[in-house]
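Novice: What shape does this take:
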Amino acid sequence: MNPDLDALKPYPFEKLATLKAGVTPPAQLAHIPLTIGEPQHAPFAEALATLHAHQLDFARYPATAGIPELRGAIADWARRRFRLDGLDPEHQVLPVNGTREAIFAFVQAALDRSRPARVAVPNPFYQIYEGATLLAGGQPLYLDCRAESGFRPDFDAVPAEVWREVQILFLCSPGNPTGAVTPRAEFEKLIALADEFDFIIASDECYSELYLDEDAPPPGLLEACAAMGRHDYRRCLVFHSLSKRSNLPGLRSGFVAGDAELIAPFKRYRTYHGCAMSLPLQHASITAWNDEAHVRANRDAYRAKFSAVTEILAPVLEFPAPEASFYLWPAVPGGDDEAFTRELFAAEHVSVLPGSYMGRPATGDGMGRPATGDGMGRPAAGDGMGHPTTGDGMGRQGADGTNPGAGRIRLALVAELEPTVEAAGRIRRFIERRA
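Specialist: Okay, here's the model as predicted:
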C-alpha cells in the first residue's frame, strides 16, 4: 500500500467518537448533533423532480466534461453572482462530483513532487486539504487563523523563502469553521503574490451562498480577478457546490472554474480517474443553478436560526459574529474544548465538535515547520513524516506551539429551527450549571 497513507491523521469525527466512547447521555433527551456540516433543510424539490424525469439516462455513460447545457448554466450563474465579464463554459468550467472529491483530485493532478511541494492551508481547516496534500507527496503549510487576524491567515507573516516553496494556496471563504469572509482586496493581494511566486490559488467557496446580509454577498476569487482585468483567471481556480446552496449534499454536484490552462490538464486527469457526473444528476444540477428563489429562502431560514441561537448563547459564550456559512465558533469556558464536548454530551445529549480536532499545533518557525531541519521543511529529527515528535499526535498542543482551534468548539446550525434552538438552550443550561 502507499506508505503516504500512514501520514493521514484520524478524521475529526473518528476522534469525536473515541472521545464520547463510554459516555451514557440522558435517555429522556433526544440526541441533537451539531457536528457534521450536512444541511437538514428540505432539498430543492424541482431538482429532485428533474432527476426523476431523467432517470432513464442512467443507462448512458456521461462525458468527463459534462453536457454543454450544464456548463452553460454554471457559467451563467457565476457571471451573474460574481459580476464577471465572461466565463467560457467550454474551457473555464468543469462539473465535478462535489467540492470534496474535486479538491482532493486537483491536488493529486497539480502537485509537482520534483521540487519543494508545499500546500498552504488555513488552520483550522477542512481535513481534505491536508489529506490530499499528504497523499500527493506534498507538505502542508499551516497558516493560523486567530482572533487577532479576524480568523483569517496573516499572509504578511509568511516570508518570501516560504512562499517560494508553495505550489498551491487553499483559501476557504466563507470559512469553515469560523465563518470569516475574505475581502476582495485580500484576494487581489494574494493574486499578486501568486504572480510573484508562481503558485496556484484554489478557493473553496462552497459556503458562498449562505450569508447573513442579503445586500452583502461574500466576494469570490474570480470576482477579484475580473476587477483586476484578469479575465483569463490566471493561476486561479474556484470550487463551488450545490450541497449547501440547494440542500443537496447527496447529489454530489459542483464545479471547478477559472484558469483554462489549469482546467485542461485537470480534465485530462479526471478522464483517467473515471469520475464523470451521471446524466440525471447533471440535469438536476441545471435546474438548481438556474433558480435563486429557493436559495434566498434557504438564507432566510439560516438567518432566523442565527438570530435565535445568538440571543440564547451570547450571554454565556464568546464567539465572532459570522458573516456567512452555517457555523458558530465559540470559545468554551475554561478553555478545554474536549472536556467541554464530552461533559456536554453526558449532561445534555448534544454533540459538538472540539475545535482542536480541526487544527494543528504551530511548530518551530510558526509556518508549520520544525525549528530545525534541512531548509526544505523536513525535520532533522521527528517521526519521519515532517511532524515534530512533541505533542500527542491528535492535533492537540505540543511543546512547540499552540493549536489555533484549541479552546473552541464548532457548532453546525444545520438542523431545522426548533431542534437547533432546543440545542442552544441545552448548551446554555449546561454552562450555567457548570459555572
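
Novice: Please, where are all the strands along the stretch 101-250 of the chain?
Specialist: 118-123, 139-144, 166-172, 200-204, 236-241 (DSSP state E, counting those that start in this stretch).

Novice: Reformat these as TSV; add mean pLDDT, mean neighbour count and distance to N97.
Specialist: Every residue, glycine included, has its C-beta placed from N, CA and C. Conversion of the strands of the stretch 101-250 of the chain to TSV gives the following (pLDDT from 0 to 100; neighbours: other C-beta atoms under 10 Å; distance: least, C-beta to C-beta, whole Å):
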stretch	mean pLDDT	mean neighbour count	distance to N97
strand 118-123	97	26	21
strand 139-144	97	24	24
strand 166-172	98	25	19
strand 200-204	98	25	15
strand 236-241	98	26	10
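
Novice: Out of those, flag the one nearest R426.
Specialist: When these are ranked by distance to R426, counting by C-beta to C-beta, first place goes to strand 166-172 at 29.1 Å.

Novice: Which of the strands of the stretch 101-250 of the chain sits closest to V309?
Specialist: Closest among the strands of the stretch 101-250 of the chain, using C-beta to C-beta: strand 166-172, at 22.0 Å.

Novice: Quick check: can you name the pairing partners of the closest one and their directions?
Specialist: According to DSSP bridges, strand 166-172 forms sheet pairs with strand 118-123 (parallel), strand 200-204 (parallel).

Novice: neighbouring contacts of it?
Specialist: For strand 166-172, contacts defined as C-beta atoms under 8 Å, 6 or more residues apart in numbering pick out 103, 107, 110-112, 116-122, 125-126, 129, 138, 141, 182, 187, 190, 194, 197, 199-204, 221.

Novice: In contact with F199, which residues?
Specialist: 120, 163, 166-169, 193, 235.

Novice: how about 7 Å then?
Specialist: 166-169 (C-beta atoms under 7 Å, 6 or more residues apart in numbering).

Novice: try L34
Specialist: Applying C-beta under 7 Å, 6+ apart, the residues contacting L34 are 350-352, 411-412, 423.

Novice: helix, strand or coil for the residue nearest to it when sequence neighbours are not counted?
Specialist: Residue nearest to L34 in three dimensions, not counting chain neighbours: L411, with 4.7 Å by C-beta to C-beta, 6 or more residues apart in numbering. Put simply, L411 is strand when judged by DSSP: H, G, I helix; E, B strand; the rest coil.

Novice: you'd agree L411 is up against L328?
Specialist: Yes: taking C-beta atoms under 7 Å as the definition, L411 is a contact partner of L328 at 4.2 Å.

Novice: Tell me the pLDDT of D374.
Specialist: You'll see D374 listed with a pLDDT of 33.

Novice: can you check P315 too?
Specialist: Looking at P315, its pLDDT reads 97.

Novice: Grab the longest helix from the protein for me.
Specialist: Across the chain, the longest stretch assigned as helix under DSSP state H is helix 293-313.

Novice: Determine the set of other helices and strands touching it.
Specialist: helix 417-434 (3 or more C-beta pairs under 7 Å, 6 or more residues apart in numbering; DSSP states H and E).

Novice: List the contacts of the helix it packs on.
Specialist: 32, 34, 304-305, 308-309, 312-313, 316, 333, 344, 347-348, 350, 413.

Novice: Stretch 72-87 now?
Specialist: Contacts of stretch 72-87 (C-beta under 7 Å, 6+ apart): 89, 93, 95, 220, 222-223, 226, 231, 255, 257, 286, 289-290.

Novice: try 6 Å
Specialist: With contacts defined as C-beta atoms under 6 Å, 6 or more residues apart in numbering, stretch 72-87 is touched by 89, 93, 220, 222-223, 226, 231, 255, 257, 286, 289-290.

Novice: Redo those as JSON lines? Include distance to A276, neighbour count and pLDDT.
Specialist: Converted to JSON lines, the contacts of stretch 72-87 look like this (distance: C-beta to C-beta, whole Å; neighbours: other C-beta atoms under 10 Å; pLDDT from 0 to 100):
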{"residue": "P89", "distance to A276": "16", "neighbour count": "21", "pLDDT": "98"}
{"residue": "V93", "distance to A276": "15", "neighbour count": "23", "pLDDT": "98"}
{"residue": "G220", "distance to A276": "26", "neighbour count": "26", "pLDDT": "98"}
{"residue": "L222", "distance to A276": "24", "neighbour count": "28", "pLDDT": "98"}
{"residue": "E223", "distance to A276": "28", "neighbour count": "19", "pLDDT": "98"}
{"residue": "A226", "distance to A276": "29", "neighbour count": "19", "pLDDT": "97"}
{"residue": "H231", "distance to A276": "28", "neighbour count": "15", "pLDDT": "96"}
{"residue": "F255", "distance to A276": "13", "neighbour count": "27", "pLDDT": "98"}
{"residue": "A257", "distance to A276": "17", "neighbour count": "29", "pLDDT": "98"}
{"residue": "I286", "distance to A276": "16", "neighbour count": "22", "pLDDT": "98"}
{"residue": "W289", "distance to A276": "18", "neighbour count": "25", "pLDDT": "98"}
{"residue": "N290", "distance to A276": "21", "neighbour count": "13", "pLDDT": "98"}
